[in-house]
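K.L.:
Sequence and predicted model, in that order:
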Amino acid sequence: MHSYVSALLRGSLFMLLLIFSAAIIYTTDRNIQIVRTLAVQSLTDTAVGLSSAADNALRTMGDKTSSNIRAVFSDRIVAYALVAEKSGNIRFHTNPRLINTKLSPREMDRSISGGTFSSRRILLGTGVPAYEFNFVMYRPDEAPQMLRLVLHTLSADTMIRQAERMWWIAGLLLVLLWMAGIVFERFFTNRMKTQAARENQKRLTLIGQMTAVLAHEIRNALGSVKGYAQWLEEKAVAGSTQKEALAVVVKGALRIESLVQELLIYSKEETCRLELVELASLVRE
């Protein structure tokens, strides 16, 4: 019974620990995913705001000056920005030396065919991570133009790294949870073993008491049988079959009496007292 209860406890505790562990892992992963989404959404909102401001600046820019649109992209988060015509000719670039250079037709087709908006994570030539946003701008009676914004992801990546540190907290919580579960299981198991040992000791005590009572009753009854057999043996004729049979009965009674006496000694509760003794006198005795 105790082994069944102990196994049931272990199984239930194991299932609870698995459920709590799965909940912690799921919650942590979900929170990190939310932070990643918010970080990308923050970059996207920034890019949309800059593209809107750039679009307004392009409407009034003219061919002689690009100071207005350059001011739009002066934020530190902007790695670089360019405006290219459908032919691939770069109309504006934050690096003035690249103005009037051309993008490949394949790259222009990929950017424009992607719709009004596309984005992807890239690495700059310096190895720094960045996010590229391509906006397609349409003008009445004009071919579509492509605005490319490349934003630094330092702030977003920092936010994501800080969120990913939650895995350390989740791992610590999992370790503490499982340690607490193991300690609880050991404590409860030891408590059950101690209780079982106490109940077993109680049963043994009751058996000992019952044994002592029964041994007393058997010895009392056996005394009468032995005494009567000895008396008959004394009265029987020497060498007769009756005397031999009575001798066997007396011998058996004495044997049973010896066993009952040993049983009484075994069932008797004894107390021990430790003390120093002289070993030489004990050996002589």
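P.N.:
Yep, it's here.

K.L.:
I'd assumed Glu275 was in a helix, is it?
P.N.:
No. Read with DSSP: H, G, I helix; E, B strand; the rest coil, Glu275 is coil and lies in no helix.

K.L.:
So what's the residue count around it?
P.N.:
By the criterion of other Cβ atoms under 10 Å, Glu275 has 4 neighbours. Just so you know, the C-beta spots here come from the backbone N, C-alpha and C atoms, and that holds for glycine as well.

K.L.:
any idea how far it is from Leu282?
P.N.:
12 Å (Cβ to Cβ, to the nearest Å).

K.L.:
pLDDT weak spots in the chain?
P.N.:
1-3, 60-66, 113-115, 139-142, 267-271 (pLDDT under 70).

K.L.:
Okay, helices next: where are they in it?
P.N.:
With DSSP state H as the criterion, the chain has helices at 2-59, 67-72, 105-113, 154-164, 166-235, 241-267, 279-284.

K.L.:
Could you give me the buried positions within stretch 136-149?
P.N.:
Neighbour-count burial for stretch 136-149, counted by 16 or more other Cβ atoms under 10 Å, picks out 136-137, 145-149.

K.L.:
Tell me the one among those nearest to Ser67.
P.N.:
Leu147 (17.3 Å; Cβ to Cβ).

K.L.:
Quick check: the closest one vs Thr94, distance?
P.N.:
In this structure, Leu147 and Thr94 are 12 Å apart, going by Cβ to Cβ.

K.L.:
same thing with Ile207?
P.N.:
Ile207 is 97 Å from Thr94, where distance means Cβ to Cβ.

K.L.:
Looking at these two, which one has more neighbours?
P.N.:
Taking neighbours as other Cβ under 10 Å, Ile207 and Thr94 compare with Thr94 leading, 18 against 11.

K.L.:
re the thing from before, okay, the helices of the chain in JSON lines with distance to Arg121 next?
P.N.:
Shown next, in JSON lines, are the helices of the chain (distance: least, Cβ to Cβ, whole Å):
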{"stretch": "helix 2-59", "distance to Arg121": "9"}
{"stretch": "helix 67-72", "distance to Arg121": "23"}
{"stretch": "helix 105-113", "distance to Arg121": "16"}
{"stretch": "helix 154-164", "distance to Arg121": "10"}
{"stretch": "helix 166-235", "distance to Arg121": "21"}
{"stretch": "helix 241-267", "distance to Arg121": "85"}
{"stretch": "helix 279-284", "distance to Arg121": "89"}
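
K.L.:
and Gln261, what does it touch?
P.N.:
Gln261 makes contact with Arg219, according to Cβ atoms under 8 Å, 6 or more residues apart in numbering.

K.L.:
rerun at 10 Å
P.N.:
Counting by Cβ atoms under 10 Å, 6 or more residues apart in numbering, Gln261 touches 215, 219.

K.L.:
what's the distance between Leu18 and Trp167?
P.N.:
19 Å.

K.L.:
Which of these two has more residues huddled nearby?
P.N.:
Higher neighbour count among Leu18 and Trp167: Trp167, with 13 against 10, using other Cβ under 10 Å.

K.L.:
Number of residues surrounding the closest residue to the more buried one other than its chain neighbours?
P.N.:
Among residues not flanking Trp167 along the chain, Thr28 sits closest, at 6.2 Å (Cβ to Cβ, 6 or more residues apart in numbering). Counted with other Cβ under 10 Å, the neighbours of Thr28 add up to 20.

K.L.:
Quick check: Thr28 vs Gln41, distance?
P.N.:
20 Å.

K.L.:
Please list all residues in contact with the residue nearest to Trp167.
P.N.:
Neighbours of Thr28 in contact, by Cβ under 10 Å, 6+ apart: 163-164, 166-171, 173-174.

K.L.:
Tell me the one of those nearest Arg10?
P.N.:
Closest to Arg10 out of these is Leu174 (18.7 Å), distances taken as Cβ to Cβ.

K.L.:
So the closest one sits against Leu17, correct?
P.N.:
Yes. Using Cβ atoms under 10 Å, Leu174 makes contact with Leu17 at a distance of 9.1 Å.

K.L.:
Was I right to think Leu98 contacts Tyr80?
P.N.:
Yes. Counting by Cβ under 10 Å, Leu98 touches Tyr80, with 8.7 Å between them.

K.L.:
For the residue of the chain most remote from its centre, which non-adjacent residue is closest in space?
P.N.:
The centre of the chain is farthest from one residue, Val237, which by Cα atoms, centre = their mean lies 89.6 Å away. Nearest residue to Val237, sequence neighbours excluded (Cβ to Cβ, 6+ apart): Lys243, at 6.5 Å.

K.L.:
That'll do, ta.
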